[in-house]
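Trainee: prediction below, plus the sequence it came from.
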Amino acid sequence: MPSLTNLTNSLGADVLLNNTANYFDGPSVAQGTTGTWFASGTVTVQDTVAANIFCKLWDGTTIISSTAVGDTATFFISLALSGVITSPAGNLRISCREAIFNPCPDLRSISRDGSMHWRIPCEYPLWQSFW
């Protein structure tokens, strides 16, 4: 019977998303590069201004799951991500970035592979992650 390995990690401090061009990594787990893994995690984000938050669960190469949310100022919002990956290229992690909210009629979207998918309004927060 195969055995199951359980790995967990969490942040020791908040992570500032202070550059809208970059994704910032939360906690990661070093699971190795062989086998099939089910990964899940939740991030909690908050911003002082209205913003869009984009998060992805990935191994540094392959996006397992992604999501986005339009955040209004000062509210805490939790985002859950999960999925299965075989032979991960690197440590599993959740990375997030922020874009200042721009309520305009042009709708854009993202998907787990980075292509367009979910419809969200056009494009600096604080986030915590718990695995």
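Mentor: Sure, I can see it.
Trainee: any idea which element the most centrally placed residue in the chain lies in?
Mentor: Nearest residue to the geometric centre of the chain (Cα atoms, centre = their mean): C55, 2.5 Å. Using DSSP states H and E, C55 falls within strand 51-58.
Trainee: give me the helices and strands touching that strand, please.
Mentor: Counting contacts by 3 or more Cβ pairs under 8 Å, 6 or more residues apart in numbering; DSSP states H and E, strand 51-58 packs against strand 36-47, strand 63-71, strand 77-86, strand 92-100, strand 125-130. Just so you know, the C-beta spots here come from the backbone N, C-alpha and C atoms, and that holds for glycine as well.
Trainee: the residue nearest to the centre of the chain touches D71, doesn't it?
Mentor: No - C55 lies out of contact with D71 (Cβ atoms under 8 Å); the separation is 11.5 Å.
Trainee: shared neighbours, those two?
Mentor: V45 (Cβ atoms under 8 Å, 6 or more residues apart in numbering).
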